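In: pasted the sequence and its predicted model underneath.
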Amino acid sequence: MSTVLSTASLSAADRIERWHEAVSRTFIPLDLKTLEKEPSPGRIVTYQWGSTQVSNVQAGPQEVTRSKRLIARDGKEFVILTLQRRGSAVKEQDGRECQIQPGEFSLSDSSRVFRKKVQGDFCFTSFQFPRTELRVRDEDLRALTAKTFSGEGGSAALVSTYFTSMAREAAGFDESVGRQAVATGLDLLALFVDEQSGRFRPQAPDTAAAMMVRVKDHILRNLSNPDLSPTAIAAAHFISVRYLHKLFQSEGTTAGEWIRMQRLERCRRDLLRSPAQGPGVAAVARRWGFLSPSHFSRVFRAAYGIAPREWQLHGLSGEGRPAE
């Protein structure tokens, strides 16, 4: 469920106070100054998933400051990841200044002074979560605030793509799904911070667990791609194929077997549709990355003890239903 705050219905004179209140209530206490004589309408749409808040913000030129006075008053320690979607912004924190353009992201820490200024109309999405939930060293995080990261390549692109996807799908997530999505995102962000600081160690237990979460999420989002392979997966995550196999060996399986079982389970569900209304066996197999109908039939029977066509015909009635 979302919360919507808007100043569109207010007069220009009333918008400043209302917008300042909306910003501080949604995020953290901030000093705010508008940079136009008659403030443009502002709008904030917020989703809350556990302790993480996702907010889409649209407004006109303004400057916000997190001062020592406000920090001392509330003592809140949040990390804020901001995806710039329209307009540009200048951010200052920890002795650095950066300009953020659409398609780029940046990090802020609410426990230290920062300032953000936008000269024109803008739109951004922010992810605000407790500092304690991002398991990285303070000095490593401090080194990355008020820096611009592009979504065009490298590990920054993985972070940008994943959080942009979350922002796009936010309206369709319930809290349970949102919490899971955020957990994966925080693991990915921690990997990014460790990599930027030179601390990335793929063999470390915590890093391996986070990497496994990321790898599985990547697989599930690409099951329909018949070219999905251990080599392609490893390349997408900047790890070796050998290390990828070690990750799955720790769970008593292989990357190929895990991919096959995820595809088969989705095929099994789709085939439960009425044969008169649902797609044919070959079409379902292709949908989930099986190019050869005969190969699909063999692995389906091996997994469930029944041919896919029989399952499609009798699954709903319970006849020939394999054990769950």
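Out: Nice, I can see it.
In: buried ones in stretch 103-114?
Out: 104-111, 113-114 (16 or more other C-beta atoms under 10 Å). For the C-beta atoms, the positions are set from N, CA and C on the backbone; glycine is no exception.
In: what's the end-to-end length of that stretch?
Out: 22 Å (C-alpha to C-alpha, to the nearest Å).
In: what's the mean pLDDT across that stretch?
Out: For stretch 103-114, mean pLDDT is 96.
In: now stretch 14-26
Out: The model assigns stretch 14-26 a mean pLDDT of 90.
In: kindly report the same for stretch 230-244.
Out: Mean predicted confidence for stretch 230-244 is 85.
In: who touches the one helix or strand in the chain whose mean pLDDT sits lowest?
Out: Ranked by mean pLDDT, DSSP states H and E, the helix or strand of the chain with the weakest confidence is helix 205-221, at a mean of 78. For helix 205-221, the external contacting residues (C-beta atoms under 8 Å, 6 or more residues apart in numbering) are 135, 158, 162, 183-184, 187-188, 190-191, 194, 200-202, 228, 233, 236-237, 239, 244, 247, 250-251, 258-259, 262.
In: surely Q53 is in a strand?
Out: Yes - counting by DSSP: H, G, I helix; E, B strand; the rest coil, Q53 is part of a strand.
In: just the pLDDT for it.
Out: 95.
In: show me what it is bridged to.
Out: Residues in a beta bridge with Q53, per DSSP bridges, are Q48, Q128.
In: the one 5 residues further on too?
Out: Listed by DSSP bridges, the beta-bridge partners for Q58 are R43, C123.
In: for S6, see how far away it is.
Out: 9 Å (C-beta to C-beta, to the nearest Å).
In: how is this protein divided into domains?
Out: 2-154, 266-314 (automatic domain parsing).
In: Throw those into JSON lines and include distance to R168, thanks.
Out: Formatted as JSON lines, those follow (distance: least, C-beta to C-beta, whole Å):
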{"stretch": "domain 2-154", "distance to R168": "9"}
{"stretch": "domain 266-314", "distance to R168": "22"}
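In: lowest-confidence stretch among these?
Out: When I compare those, domain 266-314 is least confident, with a mean of 86.
In: kindly check the end-to-end length of it for me.
Out: Rule used - C-alpha to C-alpha; the end-to-end distance of domain 266-314 is 17 Å.
In: show me where the stretch 51-200 of the chain has its helices.
Out: 68-74, 138-142, 154-169, 175-197 (DSSP state H, counting those that start in this stretch).
In: in TSV: the ones you listed, plus distance to S297.
Out: As requested, the helices of the stretch 51-200 of the chain are arranged in TSV below (distance: least, C-beta to C-beta, whole Å):
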stretch	distance to S297
helix 68-74	62
helix 138-142	51
helix 154-169	34
helix 175-197	33
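In: F127 is nearest to which of those?
Out: helix 154-169 (6.2 Å; C-beta to C-beta).
In: now for that closest one, which elements pack on it?
Out: For helix 154-169, the packing partners by 3 or more C-beta pairs under 8 Å, 6 or more residues apart in numbering; DSSP states H and E come out as strand 52-59, strand 78-86, strand 104-109, strand 122-130, strand 149-150, helix 175-197.
In: could those go into a markdown table alongside distance to F300?
Out: Putting the helices and strands packed on helix 154-169 into a markdown table (distance: least, C-beta to C-beta, whole Å) gives the following:
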| stretch | distance to F300 |
| --- | --- |
| strand 52-59 | 39 |
| strand 78-86 | 41 |
| strand 104-109 | 42 |
| strand 122-130 | 40 |
| strand 149-150 | 43 |
| helix 175-197 | 28 |
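In: wait, which of the ones you listed is closest to I28?
Out: Per C-beta to C-beta, nearest to I28 of the helices and strands packed on helix 154-169: strand 78-86, 6.4 Å.
In: buried ones in the closest one?
Out: Result for strand 78-86 [16+ other C-beta under 10 Å]: buried residues 78-85.
In: with stretch 122-141 instead?
Out: 122, 124-129, 133-134, 136, 141.
In: so which of the helices and strands packed on helix 154-169 is nearest T34?
Out: Across the helices and strands packed on helix 154-169, closest to T34 is strand 52-59 (C-beta to C-beta), at 8.7 Å.
In: and the most centrally placed residue in the chain, what's its pLDDT?
Out: The residue lying closest to the centre of the chain (C-alpha atoms, centre = their mean) is F163, at 3.3 Å. Note on F163: pLDDT of 91.
In: what separates it from L223, distance-wise?
Out: 22 Å.
In: swap in T3?
Out: Taking C-beta to C-beta, one finds T3 at 34 Å from L223.
In: who has more neighbours, Q58 and S6?
Out: Ranked by neighbour count (other C-beta atoms under 10 Å), Q58 and S6 place Q58 first, with 18 against 15.
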